[in-house]
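S.K.: Curious how this folds, go ahead:
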Amino acid sequence: MTRLDFDPDLDRLGDALRASAAIDLTREEHAKHRRVTALRGVPAGVLVVAAAAAGVVVFAQPPSGESAWAKETLQRAAAVVIPPGSANTILHVTATETLSPLAQRVAATTVSTLSEQARIQQGSPWGERAIVQVPGGPVLEENSTGQIYNQTTNSVYPAPQLPSGTPHYTLTATGTGTGSYHLSVTLPRGGVSTQTLDASTAHALQDGTDVVQWSVGWDASTQTQIVGPVVVPSTQEAQQLQAQQPDPVSSSFAAELHGLLDSGHARVTKTTTSDGQPAIEISSVNPQSGPRVNYYVDPHTYAPIELDTFGYDSPDDVTRLHFTTYETLPLAGNEQLLLVTIPPTAQDDHTHADYWNAAGLPKPF
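M.R.: Numbers count the residues shown, from 1 in each chain. Predicted structure coming up:
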């Protein structure tokens, strides 16, 4: 989604797709992009809303040495993911996501299955609307502002507000020859936040490649909302990286999926079935720097059927996305599909836990 929450454990789909797409970014922390930039100094288990630059995906060249049929399959599958001339369209996706028991443990979630629907504008200003439901749970609706509407309870979870301005910080070396630095920031409500940075990140701050911005996060272990600083690429750096993006009309999810097919890190492996449907299996291949991905498409239409993302450490750590709809709609006349309509009777729910529990669902869009 275009929303700005981040958790490395809940965000493995984007990580895996970007790893398979052979992302070419300037430093290791940038490899954590999905729809937001990776956040320095954020511990695992903490969801974060931050004033961060948009993620950038840089694709490699299409694979060579493949059969003509395999090459055509990759090209046609990529064309379905992002059709030519899609700048003024809406990508409409519905899917069921299933997490294996190990994937649940890695993601620190009790959710094993959820249904998802997303309508994503292809092109500026990148409007988006998503609807998510865990079986037996409320229906949650969200747009690109980060606000969440609970249809079931007719309540609104306002997005957390960032402090105004930018953090004032000091950066000091921890000691001669250590190669690390302390970043210290005075917090809005008093107290000082101190975190340790490596030399490359400190130098990026010094030369303006990175900047320090405010973040608002949720610590699941203590069930508290926290405010603190975070290191992200500067606007200028993000713009420079964006200039390398070969397909700026696509949404992040579609771009990542397209990148897998067009990266040189995907191969047509076999014809098979997926949930009883005839399918072509496309897999990410080594060498690569991330989890394996299996993607299944219809052998006649090349439309997505299923996307399986495997964890870094075990094949039992798998998140499976089964598509029921993947279509492109014209933007003209369908602008209302991007809008979340909130009844005037809806009540604001300012309970922090309610917002973060809804925002933290392991949804891929």
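S.K.: Any regions of the protein where pLDDT drops low?
M.R.: For the chain, the stretches with pLDDT under 70 are 1-65, 176, 238-251, 286-291.
S.K.: After the lengthiest strand in it, heading C-terminal, what element do we hit next?
M.R.: Criterion DSSP state E: the longest strand present in the chain is strand 318-330. Next along the chain after strand 318-330, taking DSSP states H and E as the criterion, comes strand 347-348.
S.K.: how far does that next one sit from the chain's center?
M.R.: Strand 347-348 sits 28 Å away from the centroid of its parent chain (CA atoms, centre = their mean, to the nearest Å).
S.K.: Which residues does residue 284 form beta bridges with?
M.R.: residue 266 (DSSP bridges).
S.K.: wait, isn't it in contact with residue 292?
M.R.: Yes: using CB atoms under 8 Å, residue 284 is in contact with residue 292, at 5.6 Å. Every C-beta, even on glycine, is put in place using the N, C-alpha and C of the backbone.
S.K.: Can you list the buried residues in the longest strand of the chain?
M.R.: For strand 318-330, a neighbour-count test (16 or more other CB atoms under 10 Å) marks 318, 319, 320, 321, 322, 323, 326, 328 as buried.
S.K.: Sheet-wise, list the partners of it with their directions.
M.R.: Paired with strand 318-330 in the same sheet, following DSSP bridges, are strand 89-99 (antiparallel), strand 304-310 (antiparallel).
S.K.: Break down the stretch 151-300 of the chain into its strands, ranges please.
M.R.: 155-157, 169-173, 180-186, 192-198, 210-219, 224-233, 266-274, 277-284, 293-297 (DSSP state E, counting those that start in this stretch).
S.K.: ok, and what's touching the helix or strand hosting residue 71?
M.R.: For residue 71, the host element (DSSP H and E) is helix 68-81. Under the contact criterion CB atoms under 8 Å, 6 or more residues apart in numbering, helix 68-81 has outside partners 62-63, 66, 254, 257-258, 261-262, 266-268, 280, 282, 295, 297, 301-304, 326.
S.K.: Give me the buried subset of the residues you listed.
M.R.: With burial judged by 16+ other CB under 10 Å, the buried subset of the contacts of helix 68-81 is 63, 66, 254, 257-258, 261-262, 266-268, 280, 282, 295, 297, 302, 304, 326.
S.K.: And for residue 299, the neighbour number?
M.R.: Neighbour count of residue 299, defined by other CB atoms under 10 Å: 14.
S.K.: I meant residue 270, not that one.
M.R.: For residue 270, the neighbour count with other CB under 10 Å is 10.
S.K.: Give the full set of residues in contact with it.
M.R.: 280, 281.
S.K.: So what sits opposite the residue nearest to residue 93 when sequence neighbours are not counted in the bridge?
M.R.: Setting aside the residues directly before and after it, residue 93 is nearest to residue 118 in space (CB to CB, 6 or more residues apart in numbering), at 4.9 Å. Taking DSSP bridges as the rule, residue 118 bridges to residue 93, residue 130.
S.K.: what's the neighbour count on residue 118?
M.R.: Residue 118 has 23 neighbours, counted by other CB under 10 Å.
S.K.: Against residue 308, how distant is it?
M.R.: 19 Å (CB to CB, to the nearest Å).
S.K.: ditto for residue 107
M.R.: Separation of residue 107 from residue 308 (CB to CB): 15 Å.
S.K.: cool, and residue 156?
M.R.: Distance, residue 156 to residue 308, by CB to CB: 35 Å.
S.K.: Could you do residue 208 as well?
M.R.: 41 Å.
S.K.: ok, now residue 220?
M.R.: From residue 220 over to residue 308 the distance is 26 Å, taken as CB to CB.
S.K.: more crowded one of these two?
M.R.: Neighbours were counted for residue 220 and for residue 308 using other CB under 10 Å; residue 308 has more, 21 against 18.
S.K.: now the more buried one, nearest residue through space, not along the chain?
M.R.: residue 294 (4.3 Å).
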